[in-house]
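From the sequence below, what's the structure:
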Amino acid sequence: MTRSRLAVLAGPTAVGKGTVAADVRRHHPEIWISVSATTRAPRPGEQNGVHYWFVSDEEFDRMVADDELLEWAVVHQAARYGTPRKPVEQALADGRPALLEIDLQGARQVRDTMPEALFVFLMPPSWDELVRRLVGRGTEPEEERERRLATARGELAAEAEFDVTIVNHEVHAAAEELVALVCSEVADR
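Sure thing, here's the model as predicted:
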């Protein structure tokens, strides 16, 4: 059985993890990308099963109790997010290049259970650019933005925990750098 090495993409809130992952999905269908489950409500334009699996608190509790999540966490002191375990295990067993786009707490949990994964930190070009991106997307009220920015300061300090850093100056360039890493990791195995 062929196994691929898992790549884990994490970074501070509003750095563009989801946007970079969407670019990879659009241009590199050969790379399997996990779809996380979340208890938060969909943002405008988000589709169930494409961007996230939007589940109730009760369903999330069941998934945790039944050990169906590879990792999970409460993010920004609000909603819960988690990675369904079975699809990840299947992609790796199938030998596909595989990518998780998750938060820092989740990345730490994956490191504990799958230390052989490649951990990639997505960094903003600057703090001011991170703030501009968060405010510019206009999806959170002021109180939520402030909570996310406070979280982001701590998340930025975690860069040293990762194997490699990509600075997200431009989405497609960051996505292509990530793809090169993922594909070289698979080729090296």
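
got the contact list for stretch 107-116?
Applying Cβ atoms under 8 Å, 6 or more residues apart in numbering, the contact partners of stretch 107-116 are 5-6, 8, 10, 70-73, 83, 100, 102, 117, 119, 161-162. In short, each C-beta sits where N, CA and C put it, glycine included.

how about Ile31, what does it touch?
Applying Cβ under 8 Å, 6+ apart, we find Ile31 in contact with 24-25, 96-99, 179, 182-183.

any idea how far Arg80 is from it?
According to Cβ to Cβ, to the nearest Å, Ile31 and Arg80 sit 26 Å apart.

Also Asp61?
Separation of Asp61 from Arg80 (Cβ to Cβ): 9 Å.

More neighbours: the two, which one.
Neighbours per residue, other Cβ atoms under 10 Å: of Asp61 and Arg80, the larger number sits with Arg80, 19 against 13.

dump the residue contacts of the more buried one.
Counting by Cβ under 8 Å, 6+ apart, Arg80 makes contact with 38-39, 57, 60, 72-74.

What's the end-to-end length of stretch 108-123?
One end of stretch 108-123 to the other measures 17 Å (Cα to Cα, to the nearest Å).

Pro44 - how many residues pack around it?
Counted with other Cβ under 10 Å, the neighbours of Pro44 add up to 6.

any low-confidence regions in this protein?
Along the chain, segments meeting pLDDT under 70 span 1-4, 76, 185-189.

Give me the distance between the helix of greatest length in it and the centre of its chain.
Longest helix in the chain by number of residues (criterion: DSSP state H): helix 171-188. Chain-centre distance of helix 171-188: 15 Å, with Cα atoms, centre = their mean, to the nearest Å.

How about stretch 124-141?
How far stretch 124-141 lies from its chain's middle: 17 Å, per Cα atoms, centre = their mean.

Need the contact partners of that stretch.
The contact list for stretch 124-141 (Cβ under 8 Å, 6+ apart) reads 11-16, 43-44, 145, 148-149, 152, 156, 167-169.

Strands - which of the residues you listed land there?
Of the contacts of stretch 124-141, the ones assigned to strands by DSSP state E are Val167.

Any quick PyMOL command for the buried ones out of the contacts of stretch 124-141?
Remark: buried members of these, expressed as a PyMOL selection using 16 or more other Cβ atoms under 10 Å:
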select buried, resi 11+12+13+14+15+16+145+148+149+152+156+168
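
In terms of distance to Gln90, which of the contacts of stretch 124-141 ranks first?
Gly11 (26.0 Å; Cβ to Cβ).

I'd say the closest one and Met123 touch.
Yes. With contact defined as Cβ atoms under 8 Å, Gly11 counts as touching Met123 (6.3 Å).
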